[in-house]
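Undergrad: only geometry, no sequence info:
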Ligand SMILES: CCCCC/C=C\C/C=C\C/C=C\C/C=C\CCCC(=O)SCCNC(=O)CCNC(=O)[C@H](O)C(C)(C)COP(=O)(O)OP(=O)(O)OC[C@H]1O[C@@H](n2cnc3c(N)ncnc32)[C@H](O)[C@@H]1OP(=O)(O)O
């Protein structure tokens, strides 16, 4: 829970307009990357204020039980949608905590409609919540999450990421949309 002196989130003046399809932040991202054959290929759209909507279609490769989505995959979809809120805050942050409720089973072939909103900011801490609904934006709730993201410097990635992947991004910054958006020059 945010502390009492947390402030409401502020949409950055340079945030993409509501309705903008955000696109992948990194082409190899398991959550959103379109060059990632094993991933979720989740498409997120900027909403009003500090909110995001996203869609993800559960594929056969995402099964846990026969014909049903794996819970970890659903948690990833929530995590990715929540992470997209950082575009609207224009902040680089990573997930510190993700608390997930699995409310209904999600069959393969389902379009999961996700929505996320930032609830508060306190120093480097970003508090947010998300919900995933089955079949339509008004469909039954299947999953919910509350998250704490922590703002980090670019060195979080350059110091810890595998060298060959960091090098590949630096050689072709277009592979990582965020390096352009935040004019990252590590
Ligand atoms: C070549 C160029 C590359 C450029 C890259 C540029 C940008 C990248 C952009 C985008 C990519 C970003 C994210 C990826 C996108 C989407 C994927 C979805 C998001 C994810 O999937 S991302 C992966 C999973 N994620 C991690 O891989 C994090 C691993 N982790 C750590 O790296 C550290 O753990 C860290 C940094 C989180 C904190 O470490 P730290 O040392 O910086 O800070 P510290 O520990 O002091 O915490 C500060 C305050 O947060 C509180 N706090 C911390 N953790 C807490 C917890 N769990 N519960 C409750 N409170 C917590 C403390 O209690 C303290 O609170 P207080 O200030 O009140 O004392």
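TA: It's in. In this text the structure is predicted, and so the values were computed from the model without any measurement.
Undergrad: need the helices for the protein, in chain order.
TA: In the chain, helices defined by DSSP state H lie at 71-89, 155-160, 163-171, 177-181, listed in chain order.
Undergrad: the second one: which residues count as buried?
TA: So that's helix 155-160. Under the neighbour-count criterion of 16 or more other CB atoms under 10 Å, helix 155-160 has residue 157 buried. The way it works is simple: take the backbone N, C-alpha and C, and place the C-beta from them, glycine included.
Undergrad: quick one: average pLDDT of that helix?
TA: Mean per-residue pLDDT for helix 155-160: 96.
Undergrad: just name the most buried of the helices of the chain.
TA: helix 71-89 (a mean of 23; mean count of other CB atoms under 10 Å).
Undergrad: just name whatever secondary elements that helix is in contact with.
TA: Other elements packing on helix 71-89 under the criterion 3 or more CB pairs under 8 Å, 6 or more residues apart in numbering; DSSP states H and E are strand 43-46, strand 51-57, strand 93-102, strand 111-122, strand 125-134, strand 141-151.
Undergrad: direction included, what does the last one pair up with?
TA: Which is strand 141-151. If you go by DSSP bridges, strand 141-151 pairs up with strand 93-102 (antiparallel), strand 125-134 (antiparallel).
Undergrad: which positions in this protein make contact with the ligand?
TA: 25, 31, 79-80, 83, 92, 94-97, 123-125, 148, 150, 152, 154, 157-158, 166, 169-170, 178-179, 184, 186 (CB under 6 Å from any ligand atom).
Undergrad: which residues touch the residue nearest the centre of the chain?
TA: Centroid check for the chain by CA atoms, centre = their mean gives residue 80 as the closest residue, at 2.2 Å. Residues in contact with residue 80 (CB atoms under 8 Å, 6 or more residues apart in numbering) are 29, 31-32, 40, 42, 44, 54.
Undergrad: so for the closest residue in space to it that isn't next to it in sequence, what's the pLDDT?
TA: Of all residues not flanking residue 80 in the chain, residue 31 sits nearest, at 3.1 Å (CB to CB, 6 or more residues apart in numbering). We have a pLDDT of 97 for residue 31.
Undergrad: go on, the one 4 residues further on?
TA: As predicted, residue 35 sits at a pLDDT of 91.
Undergrad: so it sits right up against residue 27, yeah?
TA: Yes - counting by CB atoms under 8 Å, residue 35 does reach residue 27; the two are 4.0 Å apart.
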